[in-house]
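Engineer: test case, fold it:
(one chain, ligands or ions: 1)
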Amino acid sequence: MSIKEYFLGLDCSTQSLTGIIIDFESKKPVISRSLPFSEYFPHYNTDHGIIKFEDGKVVHSYPLMWVEALELIFSKFKEAEIDLSLIKAISGSGQQHGTVYLNEKFCKALKNLNSTKNLKEQLENVFSRETAPIWMDSSTTRQCEEIRKSLGGKKNTIELTGSDTFERFSGPQIKKFYQENPEAYEKTKIIHLVSSFMASILLGDNAPIDHGDGAGMNLMDIIKKIWSDKALDATAPNLKNKLPNLIKSYHIIGTISSYFIKKYGFNPETILLPWSGDNPNSLIGVGLIEKGKAAISLGTSDTYFGFMEKLHTDPHGESHVFASPTGDYMSLICFKNGAIAREKIKNKFNLSWDEFSKILEKIPPGNNGNIMLPYFLPEIVPHILNPKVYRFGFDENNKDANVRAIIESQILSMRHHSEWIGEKPNIIYATGGASKDTAILQIIADVNDVDVVQFEISNSAALGAALRSAKTYYDKNGVKKSWAEIVKDFTSMRGTVISPRKKYRKLYDDMVFLYKEYEDFVLRGGINPEKYRQKFMELYFKKN
Ligand code: XUL
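Structural biologist: Now for the predicted structure:
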C-alpha cells in the first residue's frame with residue numbers, strides 16, 4: 001500500500017485567503033478553497049480586504065483578519081474530511097511588501113497557543129499597529145526620495161536592492177511609520193512581512209523572511225542576499241533588531257506548531273518552509289524554471305514576470321528583480337490598475353463578465369483607433385501619483401470602446417514596459433482570476449505575437465507554494481527530483497493554448513508605438529500624437 005504524500009500551499013492575497021492541497025501520487029489537487037475577506041469577515045468592514053484612508057494614497061489591511069482566515073480555512077478542510085495528517089510540508093504566499101508591526105507579546109503568545117481557544121482571541125493584543133500598510137499604498141513619496149538620496153541616487157539604489165525605491169516597498173513604509181509615530185515604532189519589537197507573519201503563526205515562533213519577498217523591501221542586498229546596513233541606516237534606527245532573519249526560500253524553518261496538531265490533526269513531523277511573495281510563488285506555480293518564457297498574472301494587481309538566470313536590473317527603474325524560489329532571480333513589473341480598473345468599466349456599464357467578454361470579441365483589434373491610458377488608481381508603472389483616465393478618440397459613455405480600450409491598454413502597457421528585459425518570450429503563461437477569459441488571452445496573444453497558455457488552476461501562487469514544499473520535502477528525504485519534475489505534472493494541467501493571429505501583428509506593432517507616444521505626451525509633455533492616431537485609423541479602419 002502506498003502512503004499518500006500531501007503538500008499544502010496557502011496564499012494570503014489582497015482579497016482572499018486560498019489553500020490548495022496537492023497529492024503527489026495522483027498528481028492532482030485534493031482540495032482548493034478560497035475565502036474572500038469581504039464575504040467571510042464582514043465585521044472588519046473592508047472593501048475586498050482593503051481599508052482606504054484619507055486621499056486614497058494610504059491603503060492598509062487588518063492582520064488579525066488574515067489570522068481569522070487562517071483558522072477558518074483549516075476548519076473548512078476538516079469539514080471536508082481531508083486527513084490533514086497526510087500533509088508532509090507546508091509553505092505559503094503573501095501579497096508582497098505589506099508590513100506587520102508586533103509588540104513584545106507576539107513571540108510569547110505564539111509559543112503558548114492553547115488549542116482549546118481560537119487564534120484571534122489569543123493574538124488580538126500582539127500588534128503595535130492595528131493595521132498593516134499593503135502594496136496598494138502610495139503615500140511614501142517623501143520617504144522614497146529620502147532613502148534614494150541616502151543610498152546615492154537611483155542607479156545605486158537599484159544596484160544595491162534590485163529596485164529603485166517604491167512607495168509600496170517595506171523600507172519606505174517603515175520609515176514613514178517611524179517618522180510619524182516614533183513611540184509606536186519604539187514599542188515595535190518585530191516587523192514582519194505578510195508572508196513571514198503568516199508563517200510565524202504556523203511555526204509558533206518568529207519565522208524568517210525568504211529572499212524572494214525580502215527583495216521587495218529596499219532593505220536587502222540583492223547580490224549578497226543579506227540585510228544591507230546602508231539601507232537599514234537610511235530607513236529607521238535600530239531596524240536590524242526588529243527584522244527577522246533572511247533565509248533561502250527552499251530551506252526548512254521548523255515543524256508545525258502543536259496548536260495545529262491538537263486542533264486540526266496535523267502530523268507533528270509536518271515541515272514548514274518560509275512563505276514567499278505571491279509573485280515568486282506564482283513563478284513556480286506556472287512552471288517558470290527556465291529562460292524564454294514569461295507569465296502574466298491578472299489579479300488585483302496585474303504582473304508581468306519571468307525567470308532570470310543572471311541578475312540584470314531595469315535601467316529605467318520601473319521594474320524589479322526579486323530572488324526566485326529556485327535560488328535564481330526573477331524580473332517583475334507590477335501594474336496597480338489591474339482587476340479594479342477592469343471592474344470599474346464593467347460596473348459602469350452594468351455588464352456581466354460574459355457580456356464584457358462578448359464586447360471584447362465583437363470590437364476589432366485596434367479598437368477603431370481608440371486609445372486609453374487607464375489610471376483609475378495611482379499607478380506603479382508608469383509612476384502616476386494623481387490618477388486620471390485619458391481617452392483618445394472616444395468618451396467615457398461609449399461602452400464598446402471603453403471595454404476594448406481597458407484591456408488593450410493594459411496589455412499594450414505590459415508589452416511596452418517589459419521591453420527592457422531584452423528578450424521576447426516565446427510563450428506567455430496566463431494566470432490569475434481574469435485569465436479564465438479567453439477573449440482577454442486572445443488580446444495578450446495578438447499584442448505580444450506569442451502563444452498564450454491558460455491554466456486550469458488559476459491560483460498559481462498557492463499552487464507554487466505547495467510545489468515548493470514538495471521540492472524541499474523530497475530533497476530532505478534524499479529523493480532526487482529536479483524542479484522540472486516537480487512542476488511538470490501540475491503545471492501541465494493546461495486549459496486552452498491561444499495563438500496569435502498573424503494578420504494583427506503589424507497593427508499591434510504600430511499601436512504599441514502610438515501607446516508609447518501617448519504616454520510620453522501625457523506624462524512628460526511630449527508632442528501630441530493625434531496625427532499618428534489619424535494615420536493609424538486610415539491604415540487599419542478606413543471605410544471604403
Ligand atoms: C508586486 C506587488 C503586487 C503584490 C500583490 O510587487 O506589489 O503584485 O504582491 O499581489
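
Engineer: contact residues of this structure facing the ligand?
Structural biologist: The chain has residues 14, 95-97, 135, 168, 216, 277-279, 299-301, 303, 332, 334 near the ligand, with proximity defined as C-beta under 6 Å from any ligand atom. Glycine gets a C-beta too; all of them are placed from N, C-alpha and C.

Engineer: let's see which of those residues end up in helices.
Structural biologist: Mapping the residues of the chain next to the ligand onto helices (DSSP state H) picks out 278-279.

Engineer: pull out the buried residues from the residues of the chain next to the ligand.
Structural biologist: Among the residues of the chain next to the ligand, those classed as buried by 16 or more other C-beta atoms under 10 Å are 14, 95-97, 135, 168, 216, 277-279, 299-301, 303, 332, 334.

Engineer: so where is this protein shaky, pLDDT-wise?
Structural biologist: Counting by pLDDT under 70, the ranges of the chain that qualify are 1-2, 492-494, 543-544.

Engineer: ok, of the buried ones among the residues of the chain next to the ligand, which one's closest to residue 8?
Structural biologist: Nearest to residue 8 among those is residue 278, at 16.1 Å by C-beta to C-beta.

Engineer: where exactly do the strands run in the stretch 251-400 of the chain?
Structural biologist: Remark: strands assigned in the stretch 251-400 of the chain by DSSP state E, counting those that start in this stretch are 254-255, 271-272, 276-277, 293-298, 302-308, 320-323, 329-335, 371-375, 388-392.

Engineer: the second one pairs with which strands, parallel or anti?
Structural biologist: Meaning strand 271-272. Applying DSSP bridges, strand 271-272 is found paired with strand 87-94 (parallel), strand 254-255 (antiparallel).

Engineer: just those: most buried one?
Structural biologist: Of all these, strand 87-94 has the most neighbours on average by mean count of other C-beta atoms under 10 Å, namely a mean of 30.

Engineer: contacts for whichever helix or strand comes after that strand?
Structural biologist: Using DSSP states H and E, the next helix or strand after strand 87-94 towards the C-terminus is strand 99-102. Strand 99-102 is contacted from outside by 63, 126-129, 132-133, 170, 173-174, 177, 184, 188-194, 197, using C-beta atoms under 8 Å, 6 or more residues apart in numbering.

Engineer: out of the residues you listed, which are inside strands?
Structural biologist: Of the contacts of strand 99-102, the ones assigned to strands by DSSP state E are 132-133, 190-193.

Engineer: drop anything exposed from those residues.
Structural biologist: Among the ones in strands among the contacts of strand 99-102, the ones that count as buried by 16+ other C-beta under 10 Å are 132-133, 190-193.

Engineer: and the two most separated of these?
Structural biologist: Those two in those that are separated most widely, counting by C-beta to C-beta, are 133 and 190, at 16.0 Å.

Engineer: if any of the contacts of strand 99-102 are buried, put those into a ChimeraX selection.
Structural biologist: In ChimeraX syntax, the buried subset of those is picked out as below (16+ other C-beta under 10 Å):
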select :63,126,127,128,129,132,133,170,173,174,177,188,189,190,191,192,193,194,197
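
Engineer: surely residue 21 meets residue 5?
Structural biologist: No. At 10.8 Å, residue 21 does not count as touching residue 5 under the criterion of C-beta atoms under 8 Å.

Engineer: these two: who's more crowded?
Structural biologist: With neighbours defined as other C-beta atoms under 10 Å, residue 21 and residue 5 compare such that residue 21 has more, 24 against 18.

Engineer: please report how far the more buried one lies from residue 468.
Structural biologist: Distance from residue 21 to residue 468, counting by C-beta to C-beta, to the nearest Å: 14 Å.
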